[in-house]
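# Below are the sequence and a predicted model for it; my questions follow.
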There are 2 protein chains.
Amino acid sequence: MSATAKAGQIGRSLPRLEGRAKVTGRAEYIHNLRLPGMVHGKIFRSAVAHGRIRRVDTAAAKALSGVFAVVTSDDIRKVISNPYYGPAFHDQPILAIDKVRHVGEPVAVVLAEDPHVAEEAMRLIIAEYDELPAVTDEVEAMTSTVIVHDALKPAGIFPDLKHLEGRKGTNVALDFHLRRGDVKQAFAEATHVFEHTFRTQPVMHTPLEPMVSAAEPGDGTLTIHTASQSPSFVRMEVARLLGWPENRVRVKTAFLGGGFGAKLYIKLEALVAALALLARRPVKISLAMDEQFFTITKHPSTFRIKSAVDKDGRVTARECEVWWNGGAYADVGPRVTQKSGFTAAGPYDIDNVAIDSYALYTNRPPAGALRGFGIPQLVWAYESHTDMIARALGIDPVEFRRRNILRDGRPQATGTVMKDAAIDKVLDRLVQRLGWSRPFDRGQGSVKRGRGLAVGFKASIAPTTSVAILNLYADGSCGLYCSTVDMGQGSDTAMAQIAAEVLDIPAETVRVVHPDTDVTPYDMATLGSRSTYHMGHAVKRAAEDARVKIDALKADLGVPPGSNVPLAELFRRKYGMQAGNIVGVGSFVPSYASPDHDTGLTPNATPFWMVGGTGAEVEVDTETGHVRVARLINVADLGTPINPRIVETQLSGGAIMQLGFTMQERMEFADGQLLNPNLADYKIPGMRDLPARIESEAVDAVERGGPFGAKGVGETATFGVSPAIANAIDAAVGVRLTELPLTPEAVYRALRKAGR
Amino acid sequence: MSATAKAGQIGRSLPRLEGRAKVTGRAEYIHNLRLPGMVHGKIFRSAVAHGRIRRVDTAAAKALSGVFAVVTSDDIRKVISNPYYGPAFHDQPILAIDKVRHVGEPVAVVLAEDPHVAEEAMRLIIAEYDELPAVTDEVEAMTSTVIVHDALKPAGIFPDLKHLEGRKGTNVALDFHLRRGDVKQAFAEATHVFEHTFRTQPVMHTPLEPMVSAAEPGDGTLTIHTASQSPSFVRMEVARLLGWPENRVRVKTAFLGGGFGAKLYIKLEALVAALALLARRPVKISLAMDEQFFTITKHPSTFRIKSAVDKDGRVTARECEVWWNGGAYADVGPRVTQKSGFTAAGPYDIDNVAIDSYALYTNRPPAGALRGFGIPQLVWAYESHTDMIARALGIDPVEFRRRNILRDGRPQATGTVMKDAAIDKVLDRLVQRLGWSRPFDRGQGSVKRGRGLAVGFKASIAPTTSVAILNLYADGSCGLYCSTVDMGQGSDTAMAQIAAEVLDIPAETVRVVHPDTDVTPYDMATLGSRSTYHMGHAVKRAAEDARVKIDALKADLGVPPGSNVPLAELFRRKYGMQAGNIVGVGSFVPSYASPDHDTGLTPNATPFWMVGGTGAEVEVDTETGHVRVARLINVADLGTPINPRIVETQLSGGAIMQLGFTMQERMEFADGQLLNPNLADYKIPGMRDLPARIESEAVDAVERGGPFGAKGVGETATFGVSPAIANAIDAAVGVRLTELPLTPEAVYRALRKAGR
């Protein structure tokens, strides 16, 4: 499938194409957009976690001078009769209807030309609620009498969710089950059985550009300018809500100041669309940083994992029960439950596996995709569990992993036979870089040193489609149209390199046109590290299609196929002047077989596997509980890198993000209220929180199914960070933490509890 | 080549797709564009027709509060080293360099955030010139010692202009010569010889939206928003001026408030591009109505025509000498000279023809393409001449035409054999509608009545290329991307109908995406009534390509080809969700053979022929010279109309425009100055100037080479208006006018001169 790179554009550490525009302040962001006649919206949000709305008094807000309108769900229904949206379930109202289900849920919006007036008026709105009991814990939600949604409303377009339609009296949005081999018998025959439970906390994506969307009404059309990772989805979903054909809705993005999954599917887009139709003017909403906390979060989780081990230290069976705290609205949580669920048993060769994975509704802000799509939560559990077993059995944790590791050619839990997943290579390289076999300084005095590692893997979301168009202009210069959103990951550059390789031109000369659904063709979304593989293929095919057409043009003109007559000259000969285009089109959807509904098994679970591991060296201050990560090594299999330098920064970026989730970040709730919705109290890693040494490396590998041997990289370095550090802490001071984050307080308490 | 229309979308008088947006004020025009940080430019213009610039004092203008910058050609050269542009010759400086060559030539520009400040400052600029003698008449320019340009600078990309490079000491920009048969001998053997000379006046396009362009600098890129008929050309030419590849220049248009040829090639675009690069801010220039007079005009012309006629009233030979007054810069004038030149002998079957056609530089504002591209000037002459011969020979002018008319299968002057040119049918239908054989009321008292007719034809500009992309979205809805500019002619609607016919969907559901060189593919330009034929073919092919891909998708899914499974369902089956695109691409360039340089002959002069005729009934007040056109009948061959209602309005619109040029419009110059640069003194037809009866009709015809049998219509009704009215005046009162316009004063003087 993949040709070999010959033109020298693949494997080039070309600086990002947009680098100059960004550092000179010329890069385009939706935040800078001003439209004639535009009004700004400010959202009034629920102060309670669960309640029936008694009344919303907007009179004082409406009376404030400069207020254009105050809008509630009654108004929204004038333009959208059934205003519920969502990528998997149509459960989320554009503005709260009858009930609020989480703190910070949008209840009303003030529109004004001056955003400060809108904010002032927003503070004059009075809402009264009949408060209801709230359920906030994912395990409690399984059995709670507090039911967040009266009935389930899966999106009609997914056949595999249809059986959930109308299901009542449950908080389980989706349950995924996998059964392979005979788990019961394997446990009965086990030499050792280990069972642990791990938890992760609520955290947030924190893109430094908060969500921002604007909608501009036309004549029976609507243009949405939005900082979105999924313009094609926004168009489809807004068209569905309005009952319009897709070609009446235009969605444009620009550069994103980070996405990480926060800007997927619908966030503000349905709201601004409805407001623009009501106001008959362009409407823009820019969230403040604190509002992001109420918009989308990462799934808190509880993971009970139980393993059967034989006398040789081989894991013979594993039982996994995972509860995902999806918050008040499903967003893409059911997909996390399902798509990540089937890897819960880890990258190990285990014959007997049982997995139960549950997406739960609670009265918390909604949780969605966040860099890793559930995998970091799973790896946190299974790689902590792995070290705990090894320690209990007195086996070196590397040796224990090597005995059990999943190798190419062997079936994963779903039955899918592994290929091009260099799990063993990643482990080997980590071991090598850590100098595992060499003596290690264990520290002195109150500061103890330890090291640990962890390896994880992830399937790609499937099946998903990408389409690309490549346009060769009359002077031979080139425009590449694809709906992949460059949110900092360098996709513009990578796609330009792929197109340039096929066309044998410098990648710098390719102009990448940013997503605009009226311009760039369909792409499922920029998520799940799928773009390099999926869009990469589409771009490659579009360029190959263009080459075929160039050759046809040569043949038409009697120019020998091998000759290097410039394209501009070919056009001149063909058209009598500098004129014409060659348009190449490429589309790609991988083959895939969805898991069987009853067994969770499938012969083809993913187009490709992402494999990442982390090694950590830590220093633990036993007097304060403070942990310093001295060295963080990220090793990954990402096939053959398109751009090694960008790949390296993606690895270190992903690891640093997960480091924040591991060491410090946590949304703190008390009495249903969020206590720290700001970056002063919710601290993301700063320069002083970074390890002194961060090393990132791609192992020598090829993804045979990928374009020029490449595959995705955006999430891979997030997998192993948390358990590697927890394992290192255990190695340093002999205490085991099973809940994130690993704060000084948590370490201190664990040390005291262990009597150290 | 053309399939038969079956889906019912061709021949439908669908209201224009954009009608609602226009009447509700929602249609997008560049005039409404505001960009953040934008400054407005106001042009300081030459007050002399020809002069050497001694100095331009901008100090007072610069000192005015609120002025951002004052720019002269020295500044322009900082960003464009060789700032000369033009579609045929690179002769026109962005701002005057050393010399000015016509009144109103741009000399400097003031930039300010407030356009009123810019205008005030512009009035503070002082320019001093050493005035030079000026040449203004096209015939005098042939032999004048006043030379407008030191040397000719044809654009390098046209091989047929290369021989002119560097030619010195002449005002002849281009001379076209055609020789067929033995003219000399035919004249020697003639029974009768007739020779007349006709003249046309300088007039203007008067789009109600004056020229407007804005340029927005990016990071090594430039976006130009412009009311242009030729976005692809603007991109190519600005890229050439800047020395950039085309993919760094983006050109976007919107609806145009009329074009008529005034908004072709470069008008303000090179200027705003240079200003934006100098200012590092977006720059916009919106011309006032009076500035249009100095920007582009219609060629005044002098046409000496001489015919040899045998005893049977057959024209055996014709000699044509045409001088085109191109003004100070060539614009597309050389192409008018050449492309229209070869039809100067008219739609008659004449064995021996000699044509000499000259494009001349003078010290007048530049002349370019104007609805008809020179043809109305030619038809004015040859159809007046036709009636004069008939009258002299005592033959009915209809009968005289029938004896000589050019029929399909016979060679035109170039040697190209006519096909699908229903000249005879148009004449017949005019005769029928006028009731030519029935008695006619000749008026009474001082008001005399007369009637007349005229028939003309035009070749299409060739070879030119169009490319279209058709995008079928995941829900089956459709976007059509083409760079044809809808300037009021209804092209969006016609293109939607063509795509809809192929796809068998209602045309209303096709979304037409407006020209944006980053989005819509190459099109030569919207000019010369070429779009229906050229872009129509490209759109048809793009839709056919999409159909082929739909069928392939069906085959892939095992769906029988004839079955009507909706496309959205096919996509769902293919991609597992609502996803994907089908992208169809179509391009078209007609076959064509350029005229031989020496003889002007070619076997294939045009892809298709436009044929139009006009019948007029007039009332002449012999006391005042006032002429009232009581009835105006426009009959045309435009193949099979795509949208009969739009075609009809195009015919009446074209005829009314030419009526203005026939009866009243004239730019009045005295001492090199334009006396009437405003719509109070330069009067275009108002409602009270219109004939009581305007009738428009397409004859039953098929253009076999056209998409669904169609061809262009935008210019056809302009051909015959002027001579039909002059012929009617002659019929009414027996005086012959040979110079346009036919003002009451001119008629009055002619009547008095003739002693009537």
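Ah, there it is.

# In the stretch 651-756 of chain A, which residue sits closest to chain B?
Nearest residue of the stretch 651-756 of chain A to chain B, counting by Cβ to the nearest Cβ: residue A:705, 17.8 Å away. In short, each C-beta sits where N, CA and C put it, glycine included.

# count of residues packed around that residue?
A total of 18 residues lie near residue A:705 under the criterion other Cβ atoms under 10 Å in any protein chain shown.

# Same question for the one 10 residues further on.
Taking other Cβ under 10 Å as the criterion, the count of residues near residue A:715 is 29.

# For it, which residues are in contact?
The neighbours of residue A:715, taking Cβ atoms under 8 Å, 6 or more residues apart in numbering or on different chains as the test, are A:371-373, A:375, A:458, A:528-529, A:610, A:612, A:654.

# So which of those sit within helices?
The subset of these located in helices under the criterion DSSP state H comprises A:375, A:654.

# In chain A, spot the helix with the most residues.
Within chain A, and with DSSP H defining each element, the longest helix by residue count is helix A:531-557.

# for that one, the distance to its chain's centre please.
30 Å (Cα atoms, centre = their mean, to the nearest Å).

# Buried residues, that helix. List them.
Within helix A:531-557, the residues that count as buried by 16 or more other Cβ atoms under 10 Å in any protein chain shown are A:531-547, A:549-550, A:553-554.

# Can you tell me which residue of the stretch 301-450 of chain A sits closest to chain B?
For the stretch 301-450 of chain A, the residue closest to chain B is residue A:335, as judged by Cβ to the nearest Cβ, at 11.4 Å.

# part of a helix, is that residue?
Yes. Secondary structure assignment (DSSP: H, G, I helix; E, B strand; the rest coil) places residue A:335 inside a helix.

# tell me, how many neighbours does it end up with?
By the criterion of other Cβ under 10 Å, residue A:335 has 24 neighbours.

# What about chain B: which of the buried residues of helix A:531-557 touch it?
When Cβ under 8 Å from any Cβ of the partner chain is taken as the criterion, no member of the buried residues of helix A:531-557 contacts chain B.

# Need the pLDDT of residue A:339.
At residue A:339, the predicted lDDT confidence score is 80.

# The contacts of residue A:715 in strands, which ones?
A:458, A:610, A:612 (DSSP state E).

# Who wins on neighbours among these?
Comparing the ones in strands among the contacts of residue A:715 by number of neighbours (other Cβ under 10 Å), residue A:612 comes first, having 32 neighbours.

# If we only consider the contacts of residue A:715, which is nearest to residue B:571?
Nearest to residue B:571 out of the contacts of residue A:715 is residue A:528 (Cβ to Cβ; 20.7 Å).

# need the contact list for residue A:382.
Taking Cβ under 8 Å, 6+ apart as the contact definition, residue A:382 lies against A:303, A:305, A:320, A:344-346, A:456, A:723.

# other SSEs contacting the longest helix of chain A?
Using 3 or more Cβ pairs under 8 Å, 6 or more residues apart in numbering or on different chains; DSSP states H and E as the contact criterion, the neighbours of helix A:531-557 among helices and strands are strand A:466-472, strand A:478-482, helix A:491-503, helix A:567-575, strand A:582-588.

# how does it look with 6 Å?
Applying 3 or more Cβ pairs under 6 Å, 6 or more residues apart in numbering or on different chains; DSSP states H and E, one finds that helix A:531-557 contacts strand A:466-472, helix A:491-503, strand A:582-588.

# Out of these, which is the most enclosed?
strand A:466-472 (a mean of 30; mean count of other Cβ atoms under 10 Å in any protein chain shown).

# Restrict that one to CA atoms and write it as CSV.
Taking Å, rounded to 0.1, in the frame of the first residue of the first chain, the C-alpha atoms of strand A:466-472 are listed here in CSV:
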residue,chain,number,x,y,z
SER,A,466,-10.8,11.4,5.2
VAL,A,467,-10.9,13.1,1.8
ALA,A,468,-8.3,15.4,0.3
ILE,A,469,-8.1,17.6,-2.8
LEU,A,470,-4.9,18.7,-4.4
ASN,A,471,-5.0,21.6,-6.8
LEU,A,472,-2.2,22.3,-9.2
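
# Show me where chain A dips below the pLDDT cut-off.
Low-confidence segments of chain A, defined by pLDDT under 70, are located at A:1-4, A:157.

# Relative to residue B:49, which of the contacts of residue A:715 is nearest.
Closest approach between those and residue B:49, by Cβ to Cβ: residue A:529, at 67.7 Å.

# Angles on the backbone of the closest residue to the closest one other than its chain neighbours, please.
Once its chain neighbours are removed from consideration, residue A:529 has its nearest residue in residue A:712; the separation is 2.8 Å (Cβ to Cβ, 6 or more residues apart in numbering or on different chains). When quoted as degrees, to the nearest 10, the phi and psi of residue A:712 stand at phi -70, psi 160.

# just residue A:326 next, same as before
Residue A:326 has phi and psi values of phi -90, psi -10 when expressed as degrees, to the nearest 10.

# now do residue A:172
Backbone geometry at residue A:172, expressed as degrees, to the nearest 10, gives phi -80, psi 110.

# Can you tell me the closest non-neighbouring residue to it?
Leaving out its chain neighbours, residue A:172 is closest to residue A:358 (Cβ to Cβ, 6+ apart), at 5.5 Å.

# try residue A:58
Nearest-residue entry for residue A:58: residue A:70, 4.1 Å, with adjacent residues in sequence omitted and distances by Cβ to Cβ, 6+ apart.

# Quick check: residues of chain A near chain B?
Residues of chain A lying near chain B by Cβ under 6 Å from any Cβ of the partner chain: A:20-21, A:26, A:34, A:36, A:157, A:219, A:236, A:245-247, A:463, A:465, A:467, A:473-475, A:477, A:479, A:511, A:513, A:518-519, A:521-522, A:524, A:575-581, A:583, A:585, A:589.

# ok, and the closest non-adjacent residue to residue A:745?
Spatially, and ignoring its direct neighbours in sequence, residue A:745 is nearest to residue A:625 (6.3 Å; Cβ to Cβ, 6+ apart).

# Repeat that for residue A:212.
Of all residues not flanking residue A:212 in the chain, residue A:286 sits nearest, at 4.4 Å (Cβ to Cβ, 6+ apart).

# contact partners of stretch A:205-221?
The contact list for stretch A:205-221 (Cβ atoms under 6 Å, 6 or more residues apart in numbering or on different chains) reads A:30-31, A:33, A:35, A:222-227, A:248, A:257-260, A:262, A:267-269, A:272-273, A:276-277, A:280, A:282-287, A:289, A:292, A:370, A:684, B:20-21, B:26.

# buried set for that stretch?
Taking 16+ other Cβ under 10 Å as the basis for neighbour counts, the residues of stretch A:205-221 that come out buried are A:205-207, A:209-217, A:219, A:221.

# Helices - which of the contacts of stretch A:205-221 land there?
If you go by DSSP H, the contacts of stretch A:205-221 have A:269, A:272-273, A:276-277, A:289, A:292, B:20-21 in helices.

# I'd like to know which of these is nearest to residue A:565.
residue B:21 (45.1 Å).

# mind checking how far the residue lying closest to residue A:486 once chain neighbours are set aside is from chain B?
In space, residue A:486 comes closest to residue A:492 once its chain neighbours are excluded; the distance is 4.5 Å by Cβ to Cβ, 6+ apart. With the distance defined as Cβ to the nearest Cβ, to the nearest Å, residue A:492 ends up 12 Å from chain B.

# Residue A:492 contacts residue A:510, doesn't it?
No. Here residue A:492 does not reach residue A:510: they are 8.9 Å apart, not a contact under Cβ atoms under 6 Å.

# can you count the residues close to the residue in the stretch 351-500 of chain A that chain B sits nearest to?
As assessed by Cβ to the nearest Cβ, chain B sits closest to residue A:477 within the stretch 351-500 of chain A, at 3.7 Å. A count of nearby residues for residue A:477, using other Cβ under 10 Å, gives 21.
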